[in-house]
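Trainee: Sequence below, structure please.
(chains A and B)
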There are 2 protein chains.
Amino acid sequence: MNHKPAAPNFDSTFRASLLDLFAWRRDVRRFRTEPLPQGMLERFIDIACLAPSVGLSQPWRFVIVGDAGRREAAIENFRACNADALGDYTGDLSTRYAALKLAGLREAPCHLAVFTDRSTVVGHGLGRRTMPEMADYSVVTAMFSIWLAARAEGVGMGWVSILDPIAIGKILDIPADWRLIGYFCLGYPLDEDEIPELELAGWEHRRQSREFIFRR
Amino acid sequence: MNHKPAAPNFDSTFRASLLDLFAWRRDVRRFRTEPLPQGMLERFIDIACLAPSVGLSQPWRFVIVGDAGRREAAIENFRACNADALGDYTGDLSTRYAALKLAGLREAPCHLAVFTDRSTVVGHGLGRRTMPEMADYSVVTAMFSIWLAARAEGVGMGWVSILDPIAIGKILDIPADWRLIGYFCLGYPLDEDEIPELELAGWEHRRQSREFIFRR
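Mentor: Residues are numbered from 1 along each chain as shown, chains lettered A, B, ... in the order given. I've put the predicted structure just below:
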C-alpha cells in the first residue's frame, strides 16, 4: 500500500489568482493600528517554515518584538538612519526623498525582526561551502512566504531596511553572530494598490522584463 | 472618476491551495528531459519582475544558458565543487553525502543563472545604504516567485549552490561585478512529493516552527 498523499492539482483559476497575488503584493507603509487576530502571526511563521532552506538548515530566527521600549528604540534607529540617508541626496531628489513615507513602524501592530543563524550545524553545511550567503537567501524565501500568505488574508507587510543591523541586534538582545535580514511591519493596510508606492510617488518606475534577460 | 482597478478577493479556496503550493514546492533534482513549452520561461521571468525590489531598483539579471559548451562547463564546475564538499565529510556522513543526488543539471532542459547588479543606479540607492545586501534579497524574492509559479504549472525548479560563483560568472561572460544568486534548473519533475528529498534521504529533518520563535 502506498500511503503517499496525492499531489494537489493547481487549476487555471488558482494560477490566475496567484498571478493577482504577485501583482497586488505591496510593501506597505500605511497601516491601521488594529491588532492582528490572536495566533495569526504564529500561523504565518508556520507557513514560513515550509520555505526552502539550504541543506534543510532552517537558519531562520523570528523575533517578535512586543516590548514598547524595544519597539521605540527600533523606531528611533530608523529615524536616525533615514536622516543620514536624506543627507546623501541633493536638490530635487532630496526634496522627493524627504516626502516619502518609508516605514509604518509607528502604526503597525506587529514588529517582526528576522535573522539568519549562519552558525547552525543543522543541515551539516550542505550547499553552503562555496556560497555561505545561501543561508540568508533561505530566510528571505521564508519571509516572502509570509508576505504572500499575509496578503492573501488582507494583511500587509512592509520590509524596513533603513536601519543599522548591528544596533537592531543589540536592541533585541540576540546572539551577536545572527545577521539581520529585515525588520518587518505587519498589519491591516490603509489601502490596496496594484502599483508600488515608490512608483506612485514618482521615485522610480518599473522596467519591462526583457531588459533583464540575457542569453548565453 | 476613479480608474483604479478593484483589488482582487482571495477566498478561502485560494488560500487553502496557496498553502498546498508552499507545502508541495520542492527543490527538484530529478527532471524529465522534455523541453518546456516555448515562451514559458520568459513568462516566468515576467512574474519574477513583479517581486519586491529595494527602492524599486530591479537589480535582477536573468541569464538563460542555452549554449551546450557553457552548460557543460557549469556541470563540470558543480562536479568539482561537489567533490571538494564530499572531502569535508568523514565516516557515515561522507557515505550519506556521496549517495545524495544534489542537482539535475544534466537532465533539466533549462539552465537559468541569476545575478544581482548591485551597481545599478535604478532606485537611487534607496534602502540600500546600511544594508547593501538588500539588492540580493530582492533577487531572491524574484526567484522564489518563479519557483512558486512554476510549481503551480507542474514545473519543478532546483537551486544549485554547489558552484564557484566567480567561475560561473566567467563561464557565462557576464560583468565581473554581478553577484551570482543561484544557478537554477527548470523542467518537469520525475516525481512530486510533500517531503523534501533531503528529509526522505535521512540527511536532516524539519523542526517545529516554535523552535525558531523568540519574543522580545
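Trainee: Local confidence estimate at residue A:107?
Mentor: pLDDT, residue A:107: 98.
Trainee: That one: how many residues sit nearby?
Mentor: Applying other Cβ atoms under 10 Å in any protein chain shown, we find 15 other residues in the vicinity of residue A:107. For every residue, glycine as well, the C-beta is placed using N, CA and C.
Trainee: what do you get for residue A:52?
Mentor: Residues near residue A:52, counting by other Cβ under 10 Å: 20.
Trainee: How about the contacts made by it?
Mentor: A:138, A:141, B:25, B:27, B:147, B:159 (Cβ atoms under 8 Å, 6 or more residues apart in numbering or on different chains).
Trainee: so where's chain A shaky on pLDDT?
Mentor: A:1-3 (pLDDT under 70).
Trainee: beta partners for the residue positioned nearest the centre of chain A?
Mentor: Nearest residue to the geometric centre of chain A (Cα atoms, centre = their mean): residue A:159, 4.4 Å. Per DSSP bridges, the residues bridged to residue A:159 are residue A:184.
Trainee: From residue B:63, how far off is it?
Mentor: 26 Å (Cβ to Cβ, to the nearest Å).
Trainee: Can you show me the strands along chain A?
Mentor: A:60-65, A:110-116, A:156-160, A:179-187, A:213-215 (DSSP state E).
Trainee: looking at those, which is buried most?
Mentor: For those, average neighbour numbers computed from mean count of other Cβ atoms under 10 Å in any protein chain shown are highest in strand A:156-160, which has a mean of 26.
Trainee: packing partners for that strand?
Mentor: When contacts are defined as 3 or more Cβ pairs under 8 Å, 6 or more residues apart in numbering or on different chains; DSSP states H and E, strand A:156-160 sits against helix A:134-152, strand A:179-187.
Trainee: what packs against the first one?
Mentor: Using 3+ Cβ pairs under 8 Å, 6+ apart as the contact criterion, the secondary-structure elements in contact with helix A:134-152 are helix A:12-24, helix A:40-48, strand A:60-65, strand A:110-116, strand A:156-160, strand A:179-187, helix B:12-24, helix B:134-152.
Trainee: try the last one
Mentor: Helices and strands touching strand A:179-187, as assessed by 3+ Cβ pairs under 8 Å, 6+ apart, comprise strand A:110-116, helix A:134-152, strand A:156-160, helix A:165-171.
Trainee: List the contacts of the shortest one.
Mentor: Looking back up the chat, that one is strand A:156-160. A:26-29, A:31, A:78, A:102-105, A:108, A:143, A:146-147, A:150-151, A:182-189, B:52.
Trainee: what about 7 Å?
Mentor: A:26-29, A:31, A:78, A:103-105, A:146-147, A:150, A:182-189, B:52 (Cβ atoms under 7 Å, 6 or more residues apart in numbering or on different chains).
Trainee: and if you look at stretch A:62-69?
Mentor: A:41, A:45, A:71, A:74, A:111-115, A:172, A:174, B:212-216.
Trainee: which residues does residue A:127 contact?
Mentor: Per Cβ under 7 Å, 6+ apart, neighbours of residue A:127: A:54, A:55, A:134, B:161, B:162.
Trainee: Quick one: which of these is the most crowded by neighbours?
Mentor: residue A:134 leads the contacts of residue A:127 on contacts (other Cβ under 10 Å) with 27 neighbours.
Trainee: so it touches residue A:126, yeah?
Mentor: No. Using Cβ atoms under 7 Å, residue A:134 is not in contact with residue A:126; the gap is 9.7 Å.
Trainee: right, and residue A:167 touches residue A:77 too?
Mentor: Yes. Look at residue A:167 against residue A:77 with Cβ under 7 Å: they come within range, at 5.2 Å.
Trainee: Who has more neighbours out of those two?
Mentor: Neighbours of residue A:167 and residue A:77, each counted by other Cβ under 10 Å, are more numerous for residue A:77; the result is 22 against 17.
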